[in-house]
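1. Provided below are the primary sequence and the corresponding predicted coordinates.
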Amino acid sequence: MPEANYSYCLRNTATYECLYYGPEGRIRKRNVTVTAHGTAFAYRERNDEFFLLTNDHVASWPSVTTEADEAPGVPGGCKRIDEQLRLVRDESDDYEPGQITVVKAASDPSLDAAILKSKAKLNLMPNRVGRSALLKSGNVVEVRGFPLGLLQATNFGKVVTAYDHDREKAWDHIDFVTDALLARGNSGSPVLAVSCRTGELELVGLFHAGYRESPALNAVVGIDQLREFMETSKRTRASRFDEAPLTAEVRGAIAAALAHPQILPFFRLGDRTARARMDGATIVFDIFHDAFPARDSVSLQLRDVPGDGVGALESISADSPTGMRTVRADSADAETQELAGHLLDLARRQLIRTIVYREAAALAKTGRDASRRANELFRQLDRSKADANEIIRALLDAGLRFPETSLAAAPPLTGPSVAPTSALPPAGPGPAPAPATSSSSSEVQTPAALTAPAAPKDTPAKQ
């Protein structure tokens, strides 16, 4: 008797609302619909509900599009107003009564994994969950999915490398790489291998991405990291450095770093230059004019006072044609409070990234691992660029409605001409590079609260 198919073609359809100006200058709206196909497989039944595993990038469209988002045909700045997930026969299936509606039960972007559920009866994967850590280069794997959304197919390949730390995009997980020839639509496919102990096929991974430059290099999330998520439907960790909670300890570390005379307080926030400085116990974030350094005036200022955890937003100041205008955060409208709070969070994290990157860059020439770590941290500096630019523009527009006030003059733009050289304590998996020695008493020691994970191996962009 042939084995029942437990891999399904997943269709994700989203509708975006896009704003634009009509010929008469009024704001108009239009809706744009996008559709993508991938693979999901059913692995568990509980309380008459059937659960499937797939990739987060297959099951999720961005809530708001940017130029970097993969939503073909949708302009940047459009808002998602509807999203529907269905199991279909293939990409040409337009018979809705025969389609199965599923809903998202949980997702973990760092693992690029999502759990779906349905009341409809589905065929369950009969295979046991294996151990991806036991895989070795040369082991044969089997992938069952829907390449290009066209048809159900089984592909075979070998494990090329059993370990690849994937930190591209929002991902942070351990992959193994296979040379099985896979394609768009295979994302979310179960990957199986024969157990040496039982001689039976076992689930060892979830295919999630391929290298653009080679169709025979495809990355699979190891099942060892997914096992708990599959059982509990809960994210098991905030694994990325940028997703870690900001605490009172982090605030103290930021304040200690800014108090050091050799810390350069400038960093990039979106396309602008920003500066952090201490005013008593308050951390002040000055965001300069977009023509900086030709124009050294402050366009936006956020005052971060001590509070629960990392701190609290006290006030927002924005430049206007008549001068600087300030509003207390608790008296601003809800939208301004939300925007300013998000920008403050981005500013804190970007400052931390910059401090940690400078420390890593000082050690970049001590070895290959140190150089890779510095390169990865440098790439992280642009992670929130689009968000920061959009929020800064919105707050400057909102600032025109703030009451007119006088802003205390910012201190002069002085500081050391070079970033300090210092030692980094071990952080993340693997040994830290040997620190450069120095007998100077002014050497900066980066607080442990500001350290970041070690960099992954350099990898080309994935599709």
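-> Nice, thanks for sending it over.
2. which residue ranges of the stretch 101-250 of the chain form strands?
-> 113-118, 128-129, 140-145, 153-166, 173-178, 190-194, 201-211, 214-222 (DSSP state E, counting those that start in this stretch).
3. which strands or helices does the fourth one pack on?
-> Right, the one you point to is strand 153-166. For strand 153-166, the packing partners by 3 or more CB pairs under 8 Å, 6 or more residues apart in numbering; DSSP states H and E come out as strand 140-145, strand 173-178, strand 214-222. (C-beta placed from N, C-alpha, C; glycine too.)
4. residues in contact with the second one?
-> When contacts are taken as CB atoms under 8 Å, 6 or more residues apart in numbering, the neighbours of strand 173-178 outside the stretch itself are 110-112, 132, 135, 141, 143, 157-166, 191, 204-205, 208, 217-222, 224-225, 239.
5. ok, 7 Å please
-> 110-111, 132, 135, 141, 157-166, 205, 217-222, 225 (CB atoms under 7 Å, 6 or more residues apart in numbering).
6. kindly report the same for the first one.
-> Outside of strand 140-145, the residues within contact range by CB under 7 Å, 6+ apart are 7, 39, 153-159, 178, 180, 182, 185-186, 188-193, 201, 204, 207.
7. can you show me the CA trace of that strand as CSV?
-> C-alpha atoms of strand 140-145 as CSV (Å, rounded to 0.1, in the frame of the first residue of the first chain):
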residue,chain,number,x,y,z
VAL,A,140,21.9,10.9,2.0
VAL,A,141,18.8,13.0,2.6
GLU,A,142,15.3,13.0,1.1
VAL,A,143,13.2,16.1,0.6
ARG,A,144,9.4,16.0,0.0
GLY,A,145,7.8,19.1,-1.2
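8. of the contacts of strand 140-145, buried ones?
-> The neighbour count (16 or more other CB atoms under 10 Å) marks 7, 39, 153, 155, 157, 159, 178, 180, 182, 185-186, 188-193, 201, 204, 207 as buried among the contacts of strand 140-145.
9. correct me if wrong: residue 105 contacts residue 118.
-> No - between residue 105 and residue 118 there is no contact under CB atoms under 7 Å: 9.8 Å.
10. neighbour count: these two, which is higher?
-> residue 118 (21 against 15; other CB atoms under 10 Å).
11. so in terms of bridging, what pairs with that one?
-> residue 50 (DSSP bridges).
12. so it versus residue 45, what's the distance?
-> 10 Å (CB to CB, to the nearest Å).
13. now swap in residue 181 and tell me
-> Applying CB to CB to residue 181 and residue 45 gives a distance of 32 Å.
14. the two - which one has more neighbours?
-> Legend: neighbour count by other CB under 10 Å for residue 181 and residue 45, higher for residue 181 (16 against 13).
15. in contact with the more buried one, which residues?
-> Contacts of residue 181 by CB under 7 Å, 6+ apart are 155, 215, 216.
16. can you check the pLDDT for it?
-> For residue 181, the model assigns a pLDDT of 92.
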